[in-house]
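**Q** Generate a structure from the sequence data that follows.
(chains A and B, ligands or ions: 2)
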Amino acid sequence: MAHTINADGLRKRYGDVRAVDGVSFAVEEGEFFGILGPNGAGKTTALEIIEGLREADEGTVTVLGLPPWPRNPKLLPRIGVQLQASAFFERLTAREQLQTFASLYGVPARKADAMLEAVGLTGKAGERVEKLSGGQAQRLSIACALVHDPELVFLDEPTAALDPQARRNLWDVLRQINTAGRTIVLTTHYMDEAESLCDRVAIMDGGKILRMGPPATLVRGLDAPARISVASGVLPLDDARALPGADEAADDGVSLTVETRDPSAVVAALAARDALTGVQIRGATLEDVFLDLTGREYRA
Amino acid sequence: MSTWQSFRSLARAMFLGFRRDRGALFFTVLFPLMFLVVFGGVFGHQTSSKVDIVEIGAAPLIDGALAHDADLRKTMKVTRYATSAAALRKVEKGDASAAVEQRDGTLVVHYSAADQVKAGTVRGLLGAVVQAANQEASGKPPTYRMSDVQVEDDSLKAIQFFTPSLLGWALASAGVFGASQTLVTWRTKGMLRRLRLSPAPIATVFGARVAVSLAVAMVQLGLFLAVAQLPVFGLKLVGAWWMAIPTVVAGVLAFLGIGMLIGAWAKTQETAQSVTQLVVLPMAFLGGSFFPLDDAPVWMRTLSYVFPLRYLNEAMLNVMGRGLGPGSALPQIGVLLGVAVVTAFIASRLFRWDAS
Ligand SMILES: Nc1ncnc2c1ncn2[C@@H]1O[C@H](COP(=O)(O)OP(=O)(O)OP(=O)(O)O)[C@@H](O)[C@H]1O
Ligand SMILES: [Mg+2]
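**A** Ligands and ions are numbered 1, 2, ... in the order given. The predicted structure follows:
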């Protein structure tokens, strides 16, 4: 049985820009796969090659065992795509929009209302798309991608414009779909989102995949210290540095933070000094992996 | 997923989008109708009205003639005034062509020299009335007679010309604008790539757009005919006027083809809009939508053959204005369909899904 997605050596150039520069990966059926990377890393370009919207200069790709390029009518009903830039029929309401997309897939129009409900737009069903807010339009665009219950879903920054409630609710929707056996590929700039949703992530930069694997594995592989912080002033900085197991300590006036590879020793020592006021313990996150791999400079 | 179902829902979506677009509604439907009302109103009343005559007191000579001669009643309208002052004022103001009073055997005609044609007409008419009365009084048969035969009028009435040709202009601008704007907007706003991801065949997408344009064109045709047939404008549909329907279909296809060609080529909405203007306006003028080409200089008539609108106008005039048979529109329909095929083919070569 072939992989759900099989990309091999994909390359795409725009003039001098190597937007995608040798990308290979495979996604299994039922997997939740995330692509992370700074602006301009080539995430959208890679995704659009796989969706069949762009032709790769080099490399091969199969989706559900089929080539997506040129436009493949056998493949299209089986995938659902939310593009980074939403596009709608002009002057239709949210419901009409969904009904129209549904009928393009032979899905009964009543499915539209269920989808509106799922993305929390029931109250905006009769509103013209031009009048939706940015986040509402994005949710409608996601609903349009999901309305025909595709086997494979591509979402390009689905939560970029969403408020925290909408973001959590969308996570629930996506988890449900994934639990029902659908494969999901998404791009995001939110590391917590990737960590919480994705079985596996690929971190891209400069058109290349720098690292790929389950978020927990990537974080562990980073071998970064844990950070333990307490309220500033509960302990002199020098005492903190001298705690057993402490590698480094800093006090920014709000919190005193100790970096350590032996958090239990540090916590025990702090407890012994009765200095646990406002304690927070943070292990390394995907964000640390990301910044470690891609650096801290701005991208064009 | 049946293609037919996709087609229907796409057509419905596009039609709703059009119906809710106030600007497009105005420019494709209302604006040309306003032209029809104005042009039909201004040029439609060139049929000469009756000669208005006021009698001062009784004029038995005239009353007798009117009683005998039904034709005279069609050309003359007589009102009686008791005093000469009021009657003469009407003539001075131009409200009546002449005031007449009968003094025994003499018919005195007061006329104004301000309108020479009117004055001439009324004097000739009244002269003929007097002469006929004289002849009857003499009891002798006339030596010379005139026999008149009416010839069918070949010249077009204003409304017969303006209805089909202004409709032609309306269809041309709706078709070319509609197609070019839709194509460019869909491409620049990413709607084309979104539709590309749906399983609907591209032919279905464009077929739906064409169907919406044809439906809108039929509404335009219906409204034009309804307005032109109002008693004020007085268009009469006779003979093979129904050939207007296939002619309109062929015309719309040709204009959509031109619009798609512009839309496929142009990169931005602004470019598409200006190029469309550059095509439609000269085509409307030189294709004979605003004035009859029959009266135009030779170079203009020759030039008109490059504009598809000319063929639409000509075919529509033949079947709606000139009352020619159904076959009279066929050559033009052929040309229009040819234009549609050629432009659609070139447009499909230039077609791009993506703005970049
Ligand atoms: N159509 C295009 N024409 C020219 N250059 C392009 C085009 N699309 C993308 N690029 C370039 O390719 C590179 C990758 O772009 P891409 O959109 O794939 O990045 P991304 O990872 O999706 O970024 P973001 O996080 O901002 O969405 C960028 O440098 C971009 O400028
Ligand atoms: Mg992107």
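**Q** helices or strands next to the worst-scoring helix or strand of chain A on mean pLDDT in the packing?
**A** Least confident element among the helices and strands of chain A, by mean pLDDT, DSSP states H and E: helix A:286-294 (a mean of 82). Helices and strands touching helix A:286-294, by 3 or more C-beta pairs under 8 Å, 6 or more residues apart in numbering or on different chains; DSSP states H and E, are helix A:191-197, strand A:200-205, strand A:208-213, helix A:215-222. Every residue, glycine included, has its C-beta placed from N, CA and C.
**Q** could the ones you listed be laid out in CSV, adding mean pLDDT, mean neighbour count and distance to A:Lys74?
**A** CSV is the format used below for the helices and strands packed on helix A:286-294 (pLDDT from 0 to 100; neighbours: other C-beta atoms under 10 Å in any protein chain shown; distance: least, C-beta to C-beta, whole Å):
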stretch, mean pLDDT, mean neighbour count, distance to A:Lys74
helix A:191-197, 91, 19, 29
strand A:200-205, 94, 24, 27
strand A:208-213, 93, 18, 28
helix A:215-222, 84, 17, 34
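**Q** what does the least confident helix or strand of chain A rub up against?
**A** A:36-38, A:41, A:191-192, A:194-195, A:201, A:203, A:205, A:210-211, A:215, A:218-219, A:221-222, A:224 (C-beta atoms under 8 Å, 6 or more residues apart in numbering or on different chains).
**Q** Just the terminal-to-terminal distance for stretch A:211-220.
**A** End-to-end distance for stretch A:211-220: 13 Å, by C-alpha to C-alpha, to the nearest Å.
**Q** related to what we said a few turns ago, so, in contact with ligand 1 or not, the least confident helix or strand of chain A?
**A** No: on the criterion C-beta under 6 Å from any ligand atom, helix A:286-294 is out of touch with ligand 1, staying 11.3 Å away.
**Q** the inter-axis angle of that helix versus strand A:200-205?
**A** Between helix A:286-294 and strand A:200-205, the angle comes out at 40 degrees (axes from the mean of the first three to the mean of the last three C-alpha atoms, to 10 degrees).
**Q** tell me which residues of helix A:286-294 are tucked away?
**A** Neighbour-count burial for helix A:286-294 flags A:286, A:288-290, A:292-294 (criterion: 16 or more other C-beta atoms under 10 Å in any protein chain shown).
**Q** Counting by contacts, list what the helix or strand harbouring A:Gly9 packs against.
**A** Following DSSP states H and E, the helix or strand that holds A:Gly9 is strand A:5-14. Contact analysis of strand A:5-14 by 3+ C-beta pairs under 8 Å, 6+ apart lists strand A:17-27, helix A:43-51, strand A:58-63 as its packing neighbours.
**Q** at 6 Å what do you get?
**A** Judged by 3 or more C-beta pairs under 6 Å, 6 or more residues apart in numbering or on different chains; DSSP states H and E, the packing partners of strand A:5-14 are strand A:17-27, strand A:58-63.
**Q** Which strands and helices lie in contact with the last one?
**A** Contact here means 3+ C-beta pairs under 6 Å, 6+ apart; on that basis strand A:58-63 packs against strand A:5-14.
**Q** do the strand it packs on and ligand 1 meet at all?
**A** Yes: contact between strand A:5-14 and ligand 1, assessed by C-beta under 6 Å from any ligand atom, occurs at A:Tyr14.
**Q** Counting neighbours, show which residues of that strand come out buried.
**A** Across strand A:5-14, burial judged by 16+ other C-beta under 10 Å covers A:5-7, A:10-12.
**Q** That one: how far from the chain's middle?
**A** In this view, strand A:5-14 has its centroid 20 Å away from the chain centroid, taken as C-alpha atoms, centre = their mean, to the nearest Å.
**Q** Show me how the chain divides into domains.
**A** I went with chain A, as the question did not name one. A:5-220, A:226-283 (automatic domain parsing).
**Q** Not quite, go with chain B.
**A** Taking automatic domain parsing as the reference, chain B has its domains at B:3-43+B:158-350, B:51-150.
**Q** what about residue 117, neighbour count?
**A** If you meant another chain, say so; for now it's chain A. Number of residues near A:Glu117 (other C-beta atoms under 10 Å in any protein chain shown) recorded here: 12.
**Q** Correction: the question concerned chain B.
**A** Using other C-beta under 10 Å, B:Val117 has 9 other residues around it.
**Q** what's A:Gly42 in contact with, if anything?
**A** For A:Gly42, the contacting residues are A:19-20, A:204, A:207, by C-beta atoms under 6 Å, 6 or more residues apart in numbering or on different chains.
**Q** So for the nearest residue to it once chain neighbours are set aside, what's the pLDDT?
**A** Of all residues not flanking A:Gly42 in the chain, A:Gly207 sits nearest, at 4.2 Å (C-beta to C-beta, 6 or more residues apart in numbering or on different chains). We have a pLDDT of 93 for A:Gly207.
**Q** Would you mind confirming that A:Gly207 makes contact with A:Val20?
**A** Yes: applying C-beta atoms under 6 Å, one finds A:Gly207 in contact with A:Val20, separated by 4.9 Å.
**Q** For the chain, which residues score under the pLDDT cut-off?
**A** You didn't pick a chain, so chain A it is. Low-confidence segments of chain A (pLDDT under 70): A:1, A:299-300.
**Q** try chain B instead
**A** By pLDDT under 70, the weakly predicted segments of chain B are B:1, B:44-49, B:148-156.
**Q** Show me where it has its strands.
**A** Taking DSSP state E to define them, one finds strands in chain B at B:51-56, B:76-81, B:98-103, B:106-111.
**Q** Tell me which residue of the stretch 101-250 of chain A lies closest to ligand 2.
**A** With C-beta to the ion, the shortest gap between the stretch 101-250 of chain A and ligand 2 falls at A:Asp156, namely 5.8 Å.
**Q** Tell me the residues of chain B that contact chain A?
**A** By C-beta under 6 Å from any C-beta of the partner chain, the residues of chain B that approach chain A are B:1, B:5-6, B:9, B:13, B:17, B:20, B:189-191, B:193-194, B:197-200.
**Q** doesn't A:Asp57 make contact with A:Arg11?
**A** Yes: under the criterion of C-beta under 6 Å, A:Arg11 makes contact with A:Asp57 at 5.0 Å.
**Q** which of the residues in stretch B:220-233 are buried?
**A** By 16+ other C-beta under 10 Å, the buried positions in stretch B:220-233 come out as B:220-221, B:223-225, B:227-228, B:233.
**Q** Among the residues you listed, which are located in helices?
**A** With helices taken from DSSP state H, the overlap with the buried residues of stretch B:220-233 comprises B:220-221, B:223-225, B:227-228.
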